[in-house]
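A.B. asks: next one to model:
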Amino acid sequence: MQTFTVRFPQSCHAKMKEWAQAEGISMHQFLVIAVAEKMAALVSRATC
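C.D. replies: Below you'll find the model as predicted:
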């Protein structure tokens, strides 16, 4: 597993924290899910 730092504007960070809490997950998990969803969308678009 790799680790890297991502910097977000404060307003974006606050909204991600809010959404993660609403889903009952950590911000880390929220971001992992968001990236996985984006990757899945790109893969499905590439195979069409």
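
A.B. asks: what comes up buried for stretch 26-45?
C.D. replies: Across stretch 26-45, burial judged by 16 or more other C-beta atoms under 10 Å covers residue 30. No exception for glycine: its C-beta is placed from N, CA and C like everyone else's.

A.B. asks: next, give phi and psi for residue 23.
C.D. replies: Residue 23 has phi and psi values of phi -90, psi -10 when expressed as degrees, to the nearest 10.

A.B. asks: so what's it up against?
C.D. replies: residue 30 (C-beta atoms under 8 Å, 6 or more residues apart in numbering).

A.B. asks: look up how far residue 44 lies from it.
C.D. replies: Residue 23 sits 23 Å away from residue 44, taking C-beta to C-beta, to the nearest Å as the criterion.

A.B. asks: which SS class is residue 8?
C.D. replies: Using DSSP: H, G, I helix; E, B strand; the rest coil, the structure places residue 8 in coil.

A.B. asks: tell me the pLDDT of it.
C.D. replies: Looking at residue 8, its pLDDT is 93.

A.B. asks: and it, how many residues sit next to it?
C.D. replies: Residue 8 sits with 12 neighbouring residues when counted by other C-beta atoms under 10 Å.

A.B. asks: wait, what's in contact with residue 17?
C.D. replies: Counted by C-beta under 8 Å, 6+ apart, residue 17 has contacts residue 27.
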